[in-house]
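Trainee: build me a structure from this.
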Amino acid sequence: MPELPEVEVTRRSFASEITGAQILAAVPGKPLRWPLGCSPARLVGQRVQGVRRRGKYLLVDLSAGLLLVHLGMSGSLRFAPSLPPAGMHDHFDLVTSQGVLRLNDPRRFGAVVFAESQDAAVAQKLLGGLGLEPLSDAFTFEALRAGLRASRAPIKQVLLGGKVVVGVGNIYASEVLFLAGIRPTVAAAAIGDVRMRRLHQAISDVLALAVERGGSTLRNFSSAAGNPGHFQLAARVYGRAGAPCLACGSTIQCLKQGQRSSFFCPRCQRP
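Mentor: Numbering: from 1, shown residues only. From the prediction side, this is the model:
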């Protein structure tokens, strides 16, 4: 599933190229997770003012309203001056004066949703419950501590939930907890301030590095320019069960939490 780094990489790969473009056509394909919410004709003639991100949503600001784009489980965007005819997994084309933005989504859990504004009910339903943005100034140690202190759930599950901090997906949660020296099963509220500060720094560092390396490509993720990510090549624990820890040499272990695999070092990460 594309997480915050992949979505941010996607945003950066086409935002400047599409900004200022006039929409010439909007062409939906098969139904996605949620309906567009307006007639495609309503988008024609509008100008793209810019592209932002909130959590794993891309916000395409228009001269009247905005599009909220979610990549779902397997989606990706492509932007180019022209693209070949849509294939069986291409489900939305935004044709503009500066190129075509296409959503490809084999599993169709993604979405393109129109909202009158970010304050509109449909936008708030999708964005209103999101946690802190880890790459923003709002992501302070105090804010993270307040959110984690309120939960007795395992820290790995809290990070994945997105209500305290957004975008720390499964790969990145395992890497973050390794750097912070925290076992994934530890209750969020039980983490002391010393390890909490390490956790706060690790979240920022890991996600920033992931963006720098183009995200993670385990199956089919690529940016809107068609480039794969390389963060997975730098993983210290994720996907390395049975291999020696790069820090202490202990055997990396794997356990299941909520049907997701958690990788950790039993020596470096204290319970």
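
Trainee: output the below-cut-off pLDDT ranges for this protein.
Mentor: 217-221 (pLDDT under 70).

Trainee: tell me the domain ranges of it?
Mentor: Domain ranges of the chain: 4-127, 141-264, per automatic domain parsing.

Trainee: among those, which is nearest P134?
Mentor: domain 141-264 (5.1 Å; CB to CB). For glycine as for every other residue, the C-beta is placed from the backbone atoms N, C-alpha and C.

Trainee: what's the span of the closest one, first residue to last?
Mentor: 24 Å (CA to CA, to the nearest Å).

Trainee: give me the distance from stretch 5-12 to the chain's centre.
Mentor: How far stretch 5-12 lies from its chain's middle: 8 Å, per CA atoms, centre = their mean, to the nearest Å.

Trainee: what does stretch 213-229 give?
Mentor: Centre to centre, stretch against its chain (CA atoms, centre = their mean), the figure for stretch 213-229 is 12 Å.

Trainee: got a markdown table for the domains of the chain, with mean neighbour count and distance to L135 too?
Mentor: Formatted as a markdown table, the domains of the chain follow (neighbours: other CB atoms under 10 Å; distance: least, CB to CB, whole Å):
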| stretch | mean neighbour count | distance to L135 |
| --- | --- | --- |
| domain 4-127 | 18 | 7 |
| domain 141-264 | 18 | 6 |
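
Trainee: okay, the ones you listed in TSV with distance to E133 next?
Mentor: Below are the domains of the chain laid out as TSV (distance: least, CB to CB, whole Å):
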stretch	distance to E133
domain 4-127	7
domain 141-264	6
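
Trainee: contacting residues for V100?
Mentor: V100 is in contact with 79-83, 93-94, counting by CB atoms under 8 Å, 6 or more residues apart in numbering.

Trainee: got the buried residues for stretch 126-141?
Mentor: 126-127, 130-135, 139 (16 or more other CB atoms under 10 Å).

Trainee: closest to V164 among these?
Mentor: G131 (4.7 Å).

Trainee: before we move on, the earlier item: out of the contacts of V100, which sit inside strands?
Mentor: 79-80, 93-94 (DSSP state E).

Trainee: tell me which two of these sit farthest apart.
Mentor: Once CB to CB is applied, the ones in strands among the contacts of V100 give A80 and L94 as the farthest pair, at 12.1 Å.

Trainee: one step back: would you turn the contacts of V100 into CSV with distance to H230?
Mentor: Listed next are those as CSV, based on distance: CB to CB, whole Å:
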residue, distance to H230
F79, 21
A80, 22
P81, 26
S82, 28
L83, 25
D93, 29
L94, 28
